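**Q** Show me the folded form of this:
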Amino acid sequence: MGFLITILSLGFVIFIHELGHLWAAKRAGVGVLEFSIGMGPRLCGKKVGETDYSLRIFPFGGFVKLAGMDETDADVPDHLNYYKKSVPARLLTISAGSLMNIFLGFVIFLVMYIGLGVPVQTSIVSGVVPASPAARAGLISGDKIVRFETMKVDSEHVSDMVRVIHQSAGKSLNFEFIRNGTLSSVLIQPEILKAESKEALIGIIFKQEVKHYGVFQGILLSIQATGNRIWGVFHSISYLIHGKAGLKEMSGPIGIVQFAAFGLHQGVVYFLNIMAMISISLGVFNLFPFPVLDGGHMVFLFLEAIIGKPINKKWEARVNAAGIVILVSLMVIILINDVVHWQDRMHLFKRLFP
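**A** The predicted model follows:
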């Protein structure tokens, strides 16, 4: 059921993308020959004006067919033809899908912060790893850490404390905590608990609580979360370029479904957070200046605006064809990677989402 809900949710994210193209095309006066919900064989539909609204058998995504973009389109009147519209009108039509995905991510974050509430890490210990530095020092579940070295610790500063711990392998750090109303202190030396890890740990798990925010603060936090996700896409690309991340870390549709489905087991908020990240990532990725993607079409529009005339359609078609070959090849590699590492990721997600 988790995988099914995830697949339908991903389909909704893609549907919102295409809905953005539809809305912008209608606003710009570009004809939409077909707007499809789902993919595959057609189930039913109804034509309204020049647009054929259809429902297809596979409830995953959809597509928009703009008048004039396909060379096989015949008898498309100039007032509906995509290529007869101004550059700004076509830019709006092409970019709207990605912008809608980014906006959807923002809305999801807004629902989380204002409506559902988000899990916030407290400074209360909910679990201690056996034989860890914290366990040897005597910390137990229920202890509330109130001071770390010279730092006062509360829910807003737990992450700062954790960051220092990660960088303090072998150093004696002072923790002050309250147990049964009594203030105590203890020295703990963080250790590298896993050979493949570079971060030192003391072996404690903090309790989480759900926190709701007001409208104004929720909007600000949603904007911040959206911006962080946008930056995260470029950060991930940078990791790939500089070799800090390899093929094993890349995920295609299969890996995304795995991750989101296991996140659903943790609760609605975790799942919505993942879907917001996916929606924003899809929007940003589609704006990349690569052939076939929305960003690739926008590059041709910018060039047209600079030189004052449309780019030769034959050259545009050749560039897009090359882009399709590259994207399909990359997708095949990623899909194979998802299948090969299916079990590894299953074990990883079970550790992350027990």
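**Q** which residue is nearest the centroid of this protein?
**A** By Cα atoms, centre = their mean, the chain has its centre lying nearest to residue 277, at 2.1 Å.
**Q** helix or strand right after the helix or strand containing that one?
**A** Per DSSP states H and E: residue 277 is located in helix 268-286. Remark: after helix 268-286, the chain's next helix or strand is helix 294-307, criterion DSSP H and E.
**Q** by contact count, what packs against that next one?
**A** Packed against helix 294-307 by the contact rule (3 or more Cβ pairs under 8 Å, 6 or more residues apart in numbering; DSSP states H and E) you find helix 87-110, helix 313-340. In short, each C-beta sits where N, CA and C put it, glycine included.
**Q** Quick one: closest of those helices to residue 272.
**A** Taking Cβ to Cβ, helix 87-110 is the member of the helices and strands packed on helix 294-307 nearest to residue 272, at 5.3 Å.
**Q** what does the next helix or strand after the closest one rub up against?
**A** Downstream of helix 87-110, the next assigned helix or strand under DSSP H and E is strand 118-128. Defining contact as Cβ atoms under 8 Å, 6 or more residues apart in numbering, one finds that strand 118-128 is touched by 112, 134-135, 139-146, 153-155, 157-159, 161, 177, 203-211, 213, 269-270, 273.
**Q** let's go with 6 Å and repeat that
**A** With Cβ atoms under 6 Å, 6 or more residues apart in numbering as the contact definition, strand 118-128 has outside contacts at 112, 134-135, 139, 141, 143-145, 153, 155, 158, 204-211, 269.
**Q** Tell me the buried residues in that strand?
**A** Within strand 118-128, the residues that count as buried by 16 or more other Cβ atoms under 10 Å are 118, 121, 122, 123, 124, 125, 128.
**Q** need those in CSV with distance to residue 19 and pLDDT, can you?
**A** Putting those into CSV (distance: Cβ to Cβ, whole Å; pLDDT from 0 to 100) gives the following:
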residue, distance to residue 19, pLDDT
118, 27, 81
121, 36, 79
122, 40, 84
123, 44, 84
124, 44, 89
125, 46, 87
128, 49, 86
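**Q** about what we covered before: and the contacts of strand 118-128, which are buried?
**A** For the contacts of strand 118-128, a burial check counting by 16+ other Cβ under 10 Å picks out 112, 134, 135, 139, 143, 144, 145, 153, 158, 204, 206, 269.
**Q** Of those, which is the nearest to residue 171?
**A** For the buried ones among the contacts of strand 118-128, the nearest to residue 171 is residue 134 (14.6 Å; Cβ to Cβ).
**Q** and the helix or strand containing the closest one, how far from the chain's centre?
**A** Taking DSSP H and E as the definition, one finds residue 134 inside helix 133-137. Relative to its parent chain, helix 133-137 has a centroid offset of 37 Å by Cα atoms, centre = their mean, to the nearest Å.
**Q** do the same with stretch 22-31
**A** On Cα atoms, centre = their mean, the centre of stretch 22-31 falls 27 Å from the chain's centre.
**Q** do the same with stretch 298-310
**A** 31 Å.
**Q** ok, now stretch 167-177?
**A** Distance, centroid of stretch 167-177 to centroid of chain: 35 Å (Cα atoms, centre = their mean).
**Q** next one: stretch 126-139
**A** Put simply, stretch 126-139 sits 34 Å off its chain's centre (Cα atoms, centre = their mean).
**Q** Then stretch 56-70?
**A** 23 Å.
**Q** Then stretch 20-37?
**A** 25 Å.
**Q** what distance separates the start and the end of that stretch?
**A** End-to-end span of stretch 20-37 (Cα to Cα, to the nearest Å): 13 Å.
**Q** Show me what the helix holding residue 134 is packed against.
**A** Packing partners of helix 133-137 (3 or more Cβ pairs under 6 Å, 6 or more residues apart in numbering; DSSP states H and E): strand 182-188.
**Q** Describe which strands the strand it packs on pairs with in its sheet and in which direction.
**A** Next to strand 182-188 in the sheet, as set by DSSP bridges, lie strand 173-179 (antiparallel).
**Q** Can you give me the buried ones in the strand it pairs with?
**A** Result for strand 173-179 [16+ other Cβ under 10 Å]: buried residues 173, 175, 176, 177, 178.
**Q** Pull the residues that contact the helix holding residue 134.
**A** Under Cβ under 6 Å, 6+ apart, the answer for helix 133-137 is 128, 186, 188, 189, 191, 202, 203, 204.
**Q** Narrow these to those that are buried.
**A** 128, 188, 202, 203, 204.
**Q** and these, which two are the farthest apart?
**A** Across the buried ones among the contacts of helix 133-137, no pair lies farther apart than 128 and 188, at 11.1 Å, counting by Cβ to Cβ.
**Q** contacting residues for the residue nearest to the centre of the chain?
**A** residue 229.
**Q** The same query, at a cut-off of 8 Å, please.
**A** By Cβ under 8 Å, 6+ apart, residue 277 lies in contact with 105, 229, 232.
**Q** Residue 27 and residue 89, how far apart?
**A** The spacing between residue 27 and residue 89, counted by Cβ to Cβ, to the nearest Å, is 8 Å.
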